[in-house]
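1. Following is a predicted model, sequence given first.
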Amino acid sequence: MDAFPDQGFPKTPPVFRSGKGQLNKLVVHVCYEDAVAYAKWAGKRLATEAEWEYAAQAGKGQQKYYWGNELKPAGIWVANIYQGNFPNQNTGEDGFIKSSPVKSFPPNAFGLYDMEGNVWEWCNDFYQPDYYQQSPKKNPQGPQDSYDPDEPGAVKRVQRGGSFLCSDQYCIRYKVSKRPSTSFTADWDGLGLWLNHIIWNKRRPPHRPWRPIISTGRPAA
């Protein structure tokens with residue numbers, strides 16, 4: 001039987017196996033190392049944060065939300081986020097209280113689903129809050145190491161997109177300007193609920209990635 005290098009995974013790693021009728025369910029409780037291991041097994045890699053940002057905004061850039069500038073275009077929820085009084089009363093106005101199956105909401109212009117809300121997504125980059133103030137202007141690959149002044153001893157990687165627990169009363173991390181991070185070993189539920197589904201082929205995408213937007217809400221210089 002084919003084994004996954006170093007991890008001893010069989011042909012399909014157990015954590016990513018799905019039974020009949022499960023193909024649209026999310027893969028969750030995946031730490032950064034699990035995501036990297038699966039990408040390697042699949043012959044691919046995790047996206048950089050710049051690639052993720054470009055893909056999430058479908059190449060448009062300068063939007064308030066990943067899907068545009070209105071929270072509810074035409075009065076319709078277009079992502080799985082938290083509605084109601086956080087954290088005591090989730091009204092489920094978007095149709096879901098917790099995570100939703102893949103393709104429950106419309107794709108973006110690139111045909112990508114669930115780029116915002118639902119569950120977090122890992123990027124390959126180490127986290128540094130000021131990285132884009134001095135990064136290359138084209139195709140930034142992320143810093144060489146991690147540094148969070150709030151937790152200077154922690155090794156953190158970037159995750160993007162927000163989750164079903166993000167609301168306008170709390171993290172609002174479904175907005176373009178938000179750049180959260182967490183320990184690369186984390187795989188917990190709630191705000192630590194991630195699914196890596198943005199994995200590029202080993203070669204770079206044919207487009208020029210849109211540069212991520214820093215927490216000021218302005219494009220990085």
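-> The structure has been received and is ready for your questions.
2. helices or strands next to the longest helix along the chain in the packing?
-> As assigned by DSSP state H, the longest helix anywhere in the chain is helix 32-41. If you count contacts as 3 or more Cβ pairs under 8 Å, 6 or more residues apart in numbering; DSSP states H and E, helix 32-41 packs onto strand 44-46, strand 121-126. Heads up, the C-betas are built off the backbone N, CA and C, glycines and all.
3. Return the most buried member of those.
-> For the helices and strands packed on helix 32-41, the largest average neighbour count (mean count of other Cβ atoms under 10 Å) is found in strand 121-126, namely a mean of 25.
4. who does it pair up with?
-> Sheet partners assigned to strand 121-126 using DSSP bridges are listed as strand 156-160 (antiparallel).
5. where are the low-confidence patches of this structure?
-> Applying pLDDT under 70 to the chain picks out residues 1-22, 177-178, 181, 184-221.
6. Please, where are all the strands along it?
-> Using DSSP state E, the strands of the chain run over residues 44-46, 84-85, 89-90, 121-126, 156-160, 181-183, 199-201.
7. export the longest helix of the chain as PDB, just CAs?
-> This file holds the C-alpha atoms of helix 32-41, laid out as PDB (Å, rounded to 0.1, in the frame of the first residue of the first chain):
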ATOM      1  CA  TYR A  32      -1.000  23.800  10.100                       C
ATOM      2  CA  GLU A  33       1.300  20.700  10.000                       C
ATOM      3  CA  ASP A  34      -1.600  18.500   9.000                       C
ATOM      4  CA  ALA A  35      -2.500  20.900   6.200                       C
ATOM      5  CA  VAL A  36       1.100  21.000   4.900                       C
ATOM      6  CA  ALA A  37       1.400  17.200   5.100                       C
ATOM      7  CA  TYR A  38      -1.800  16.700   3.100                       C
ATOM      8  CA  ALA A  39      -0.800  19.200   0.500                       C
ATOM      9  CA  LYS A  40       2.600  17.400   0.100                       C
ATOM     10  CA  TRP A  41       0.800  14.100  -0.100                       C
END
